[in-house]
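**Q** fold the following for me, if possible:
(chains A, B, C and D)
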Number of protein chains: 2
Amino acid sequence: MSLKDVAQRAGVSIKTVSNVVNNHPHVAPAMRARVQAAIDELGYRPNPTARHLRKGRTGIIALAVPELGNPYFAELAGAVIDAAAEHEYTVLLDRTGGRRDKEVLVSQGFRTRVIDGLILSPIELEVADLQGRSDDVPLVLLGEREYDAPHDHIAVDNVAAAREAVRHLLGRGRTRIACLGAGKDSANRPAHLRLLGWRQELTAAGVPAPDSLVVPVGGWDRADGARGMARLLDSGLRPDAVFAFNDLIAIGAMRTLHERGLRVPQDVAVVGFDDIAEGRFGAVSLTTVSPDKQAIARMAVASLLRSLSANGEPAGRELTAPHRLVERESTLGGVRDRPTDQVGTKGR
Amino acid sequence: MSLKDVAQRAGVSIKTVSNVVNNHPHVAPAMRARVQAAIDELGYRPNPTARHLRKGRTGIIALAVPELGNPYFAELAGAVIDAAAEHEYTVLLDRTGGRRDKEVLVSQGFRTRVIDGLILSPIELEVADLQGRSDDVPLVLLGEREYDAPHDHIAVDNVAAAREAVRHLLGRGRTRIACLGAGKDSANRPAHLRLLGWRQELTAAGVPAPDSLVVPVGGWDRADGARGMARLLDSGLRPDAVFAFNDLIAIGAMRTLHERGLRVPQDVAVVGFDDIAEGRFGAVSLTTVSPDKQAIARMAVASLLRSLSANGEPAGRELTAPHRLVERESTLGGVRDRPTDQVGTKGR
DNA sequence: TGCTGTGTTTGCAACGTTGTACAGACTGAA
DNA sequence: TTCAGTCTGTACAACGTTGCAAACACAGCA
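**A** Modelled structure (predicted):
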């Protein structure tokens, strides 16, 4: 079933059928009707593969995220699929597991030529990894990292967002605010900016920001948050608030708090980051920084299409997506509402 | 950058380069080395589009799920991506939103010819919708529905699984077991079999299964579960257990129970279905039916590849994936552990 | 009648790859 | 020396599509 068959059926040339299919001008109405009839009768559908071979575009973009099990990325992927669909693009999904080798592989153009562009949400990728890249497939980077590379990069203002979260806690009278999720190694890891924001805001408020309240975790999953929280409590410290670097960590931390008999928010307030749906329906709903996922997705796709058309023009822009703090139960009320707190604070 | 360039560089014919690339036998070692050198120098990578045009296969399969925001499908998608990768296939992700029109569109071969096969997880699709299908792209159906169509169909044994869940509750001394998630309209909807299992098991145990305990919900999301639970409680009924047709409904229900001051599991035990990670980390971890997602994914991909190679041989098998009941806190203890329960039950 | 111009249709080549068929070179045996 | 048989490498066509340029038809006008 190809143009040839339709052409034969309609008694015209292949090219004429092609013209009809592609809505070329200068096709006589009668001819158009005749060819269309043949197309309908045979149920002809163009072969995208051949079309793409000819045109050099596939209509497919790839999205590579660390892990679909993390609802943030699942929700983001949904948003990207929608945004791509608006431009008649289809999304091919890849998972990196957050592992550098896989990230490098993907960024280097694994699957090059099947895809027109790549949206990559890196975790461990280094700037150097992007150097050897053959530039035929445009790349857009997502997330917190600062890259000095010729690729557009989309993220929320992490430092500002983290500061808002901490400011919110300070405003509730919390002063011993732990932060959960710092990375151990590279200063460049996603956690870096959020840690920076935490430190800046505390310092600005004249509140101590001791390293003992900075809790590194292995990964960014619920179990990591639970373990991190346990370690923090085991160290003997009693924070009155926790700023978790993502919602999963926050959820894990709340689980540990619950197990230890500490109440959220009365004993410990908790703020997360990502605004995943899961946070809205726990026993205690989660206050969190909500990045605008739709906006991120739209910006990413638009960015890619821009690089795709206006080729030659170098990319490398830093685009900032909007975010806002969503206040829910996990930070309700101030310390004054904590009946068990020995140290009274001034009233309203 | 094509075979031609490499051939020119190495001073051989295009076909010879092709032979080297494809590891054909009967290529002299010296020649192979020479060509390989040229390939490496130029950094040649084969063009999949052209290859696929020639061979008729694209190496891409599509997975269409209702919603990525539902962790069950996100986790399942991850499993499918892994399973496909094992066979060197890539996954293109589509979302149907659970809407019939989109499901029909996808099943009818939207994107036909870009993909070698389709794995579809339908919600509202009717058997009739599959009749008009052009059979060039193999289709595998996922989920609970019974289709009498020439396509393989993979699901856990829903009736058995539902019965196990209910039996578990009965074993804990619960007798007023509501079920949450029944559909309103078609008897064919995914909920049907789980409802059937609930009814069968109660009847077998001689426990009444009144329709008043069957709570229909709009969708299968957390908010739907929360509303459904609220409606049930508002009706004045006091179930001592809830069998939710998926984990999200269960989570929403637990939220409502929490808001109403009812304790899980002491006052109301809850069982879900899907075993999403979210259920493991709530304040009260969720007992649930755990379908083996890896197995489902592997079976789906294997099924597809089978239809792809052994074409002609009609598909239409019903494949059953394994499942098991995972017991967690939401059903801990029997009714005897409920201090507020006026009606005492016999002790241990 | 012939010429120009506009509008419509067509043939050819090419995108990059691989299957088929064949040509040439080389080996060993008669 | 010749012949068959094997091993290597090559030419050609085809997958289904579209851009380009040429061919064609026809109307209007001189």
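**Q** going forward, measure contacts and count neighbours with C-alpha atoms only.
**A** Fine.
**Q** any chance you could map the helices in chain A?
**A** Per DSSP state H, chain A carries helices over the ranges A:3-10, A:14-21, A:29-42, A:48-55, A:71-86, A:100-107, A:158-171, A:191-204, A:222-234, A:247-259, A:293-309.
**Q** ranking the ones you listed by burial, who's on top?
**A** Stretch with highest mean neighbour count among the helices of chain A: helix A:247-259 (a mean of 26; mean count of other Cα atoms under 10 Å in any protein chain shown).
**Q** packing partners for that one?
**A** Applying 3 or more Cα pairs under 8 Å, 6 or more residues apart in numbering or on different chains; DSSP states H and E, we find helix A:247-259 packed against helix A:222-234, strand A:241-244, strand A:269-273.
**Q** what residue in the stretch 1-150 of chain A comes nearest to chain B?
**A** Shortest the stretch 1-150 of chain A-to-chain B distance, computed as Cα to the nearest Cα: residue-wise this is A:Leu92, at 4.3 Å.
**Q** ok, that residue - contacts?
**A** By Cα atoms under 8 Å, 6 or more residues apart in numbering or on different chains, the contact list for A:Leu92 reads A:Ile60, A:Ile61, A:Ala62, A:Leu63, B:Thr90, B:Val91, B:Leu92, B:Leu93.
**Q** just the ones of these in strands?
**A** Per DSSP state E, strands hold the following members of these: A:Ile60, A:Ile61, A:Ala62, A:Leu63, B:Thr90, B:Val91, B:Leu92, B:Leu93.
**Q** could you report the pLDDT at the fourth one?
**A** Same thing as A:Leu63. The model reports A:Leu63 with a pLDDT of 94.
**Q** any idea how far the closest residue to A:Asp247 other than its chain neighbours is from A:Glu327?
**A** Spatial nearest neighbour of A:Asp247, excluding adjacent residues (Cα to Cα, 6 or more residues apart in numbering or on different chains): A:Gly272 at 4.5 Å. Distance, A:Gly272 to A:Glu327, by Cα to Cα, to the nearest Å: 10 Å.
**Q** identify the contacts common to these two.
**A** With Cα under 8 Å, 6+ apart, A:Gly272 and A:Glu327 have common neighbours A:Leu286, A:Thr287, A:Thr288.
**Q** for A:Asn22, see how far away the last one is.
**A** Pointing back at A:Thr288 there. 49 Å.
**Q** quick one: which of the two has more around it?
**A** The neighbour count for A:Thr288 versus A:Asn22, taken as other Cα atoms under 10 Å in any protein chain shown, is higher for A:Thr288 (30 against 9).
**Q** contact partners for the closest residue to A:Gly69 other than its chain neighbours?
**A** Leaving aside its sequence neighbours, A:Gly69 sits nearest to B:Glu75 (Cα to Cα, 6+ apart; 5.2 Å). B:Glu75 is in contact with A:Leu68, A:Gly69, B:Ile276, B:Lys293, counting by Cα under 8 Å, 6+ apart.
**Q** if you rank those residues by neighbours, which is first?
**A** A:Leu68 (28 neighbours).
**Q** residues in contact with it?
**A** A:Leu68 touches A:Ala74, A:Arg95, B:Ala74, B:Glu75, B:Ala77, B:Gly78, counting by Cα under 8 Å, 6+ apart.
**Q** which one of those is nearest A:Gly171?
**A** A:Ala74 (32.5 Å; Cα to Cα).
**Q** for the closest one, which non-adjacent residue is closest in space?
**A** A:Leu68 (5.1 Å).
**Q** quick one, phi/psi of that neighbour?
**A** Main-chain dihedrals, A:Leu68, degrees, to the nearest 10: phi -80, psi -20.
**Q** A:Gly272 touches A:Asn246, doesn't it?
**A** Yes - contact criterion Cα atoms under 8 Å: A:Gly272 and A:Asn246 qualify, at 5.1 Å.
**Q** what does chain A put close to DNA strand C?
**A** A:11-16, A:19, A:25-28, A:30-32, A:50, A:53-54 (Cα under 7 Å from any atom of the strand).
**Q** okay, A:Gly272 and A:Glu327: which has more neighbours?
**A** Here A:Gly272 and A:Glu327 are compared on neighbour count by other Cα under 10 Å; more neighbours surround A:Gly272, at 28 against 17.
**Q** if we can go back for a sec, would you format the contacts of B:Glu75 as JSON lines with distance to A:Ala321 and pLDDT included?
**A** Putting these into JSON lines (distance: Cα to Cα, whole Å; pLDDT from 0 to 100) gives the following:
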{"residue": "A:Leu68", "distance to A:Ala321": "21", "pLDDT": "92"}
{"residue": "A:Gly69", "distance to A:Ala321": "23", "pLDDT": "91"}
{"residue": "B:Ile276", "distance to A:Ala321": "30", "pLDDT": "96"}
{"residue": "B:Lys293", "distance to A:Ala321": "35", "pLDDT": "97"}
